[in-house]
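Trainee: structure of the sequence below:
(one chain, ligands or ions: 2)
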Amino acid sequence: MDINKVNIWLDCDVGNDDAMAVILSLFHPRSNLLGISTCFGNTSLENCTDNTIRLLSSVGRTDVPVYKGAEFSLKSTRATTKMHGSQGLYAADRLISSFKPLENIELYDLIKQTAKDQEFVIVITGPQTNIAKLLKDHEDIIPQIQQIVFMGGTSGFGNVTPNSEYNIYSDPEAAQFVIDTCRQHSLKLVMISLDLTYTCQLLEPLQQRIKNINSKFSDWCLEMLQEYQAAYKAQEFEYPPIHDPVAVFYALHPELYVIKPVYCAVECDSKLCYGRTVVDKQDVYGFEPTLLFARKVIVDEFWNQMIEAIKLAAKNSKIE
Ligand code: BDR
Ligand code: CA
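Mentor: Residues are numbered from 1 along each chain as shown. Ligands and ions are numbered 1, 2, ... in the order given. Next up, the predicted model:
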């Protein structure tokens, strides 16, 4: 494998913006996607897995193994969201489905089989349940992980409660476990929060660029994203933030981000603030940093490369 490539294990809950994360990790020239694990989240585990399989089948990437992960959080709950429709992926019926997730294998064994002895990055774009379990049960895998990048949390407003972001709220205990484990093992942990992803909205000219690709797949992509936009409009946001690929993009182009080490912890007890990420950006507490908080990204470059990935996906498309 090209040494400039980044091995990625993607853990996701596809999901409209997760779909964009999958496309970026499949078609960015620096990415080597080892496999995908699915989690409950934007919709049921069943739907999230089905959506993942459909997307991979539709762009001819049936070689990417899919592991069907957690159905519920560590505390056996499942939070809901209105942003992704009943199937979790708009216009999913226009995609094809041509293979099945793997069965009778543990996530640990699958990652070991695909990564062999190489290092890899874990990118999480849903609740962190699968990865918390992996780290808990298989500490020996930790030295092989270069870093964990997650989309989740906020230092400002929440999107599922006034204080909490959806992915973290869905399994706060898992998120805190990941923070604690990374700290204990000096494993780099990067947080791509709502603060950052709201700077990456799908504005009108970007939609036009997707339209100009002019293929069945790009048309599907645009339709899916515009339905996602409608869900945001119903919440009085004009354009949708495309959260999840911003985390994948960090794994591929960290030099295009401004990051800051901060102390961050997840509120797991409070009634009103359950799932809140307390991000001490001003170092008020003077505690040791627990993760790297991404403050800025070169947004134009993110979009240029995202749209290039959609073009490549369109070239490989199998949809009629
Ligand atoms: C996150 O929650 C989900 O709805 C999105 O897919 C994204 O991962 C944003 O809060
Ligand atoms: Ca997601």
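
Trainee: what's the burial count for residue 284?
Mentor: 8 (other C-beta atoms under 10 Å). Every residue, glycine included, has its C-beta placed from N, CA and C.

Trainee: so is it in a helix, a strand, or just coil?
Mentor: Three-state assignment for residue 284 (DSSP: H, G, I helix; E, B strand; the rest coil): coil.

Trainee: likewise residue 8?
Mentor: Strictly by three-state DSSP, residue 8 counts as strand.

Trainee: what confidence value was assigned to it?
Mentor: With respect to pLDDT, residue 8 scores 98.

Trainee: for ligand 1, what are the nearby residues on this structure?
Mentor: 15, 17-18, 42, 81, 83, 125-126, 151, 159, 165-167, 243-244 (C-beta under 6 Å from any ligand atom).

Trainee: which of those residues has the weakest pLDDT?
Mentor: residue 81 (82).

Trainee: for the protein, which spans come out with low pLDDT?
Mentor: Counting by pLDDT under 70, the ranges of the chain that qualify are 1, 3.

Trainee: what sits against residue 244?
Mentor: 12, 15, 17, 18, 20, 21, 125, 151 (C-beta atoms under 8 Å, 6 or more residues apart in numbering).

Trainee: now do the buried residues in stretch 152-162.
Mentor: Buried residues in stretch 152-162, counted by 16 or more other C-beta atoms under 10 Å: 152, 153, 154, 155, 158, 159, 160, 161.

Trainee: let's have these in a markdown table, adding secondary structure and distance to residue 301.
Mentor: Below are those laid out as a markdown table (DSSP: H, G, I helix; E, B strand; the rest coil; distance: C-beta to C-beta, whole Å):
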| residue | secondary structure | distance to residue 301 |
| --- | --- | --- |
| 152 | coil | 23 |
| 153 | coil | 23 |
| 154 | coil | 23 |
| 155 | coil | 23 |
| 158 | coil | 28 |
| 159 | coil | 25 |
| 160 | coil | 29 |
| 161 | coil | 33 |
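
Trainee: so how far is residue 255 from the closest residue in space to residue 53 that isn't next to it in sequence?
Mentor: Leaving aside its sequence neighbours, residue 53 sits nearest to residue 97 (C-beta to C-beta, 6 or more residues apart in numbering; 5.4 Å). Here the criterion is C-beta to C-beta, to the nearest Å. By it, residue 97 lies 37 Å from residue 255.

Trainee: out of the two, which sits in the more crowded spot?
Mentor: Per other C-beta under 10 Å, whichever of residue 97 and residue 255 has more neighbours is residue 97, with 15 against 6.

Trainee: spell out the secondary structure type for the more buried one.
Mentor: coil.

Trainee: tell me the contacts of it?
Mentor: 50, 53, 54, 57.

Trainee: among the residues you listed, name the buried ones.
Mentor: Here, 16+ other C-beta under 10 Å leaves 50, 53, 54, 57 buried among those.

Trainee: list the buried residues in the strand or helix carrying the first one.
Mentor: The one in question is residue 50. Assigned by DSSP states H and E, residue 50 falls within helix 45-58. By neighbour count on 16+ other C-beta under 10 Å, the buried set for helix 45-58 is 45, 47-58.

Trainee: near residue 303, how many residues? Count them for me, please.
Mentor: With other C-beta under 10 Å as criterion, residue 303 counts 20.

Trainee: helix/strand/coil for it?
Mentor: Per three-state DSSP, residue 303 ends up helix.

Trainee: from residue 167, how far off is residue 223?
Mentor: The value you get for residue 223 to residue 167, if C-beta to C-beta is used, is 25 Å.
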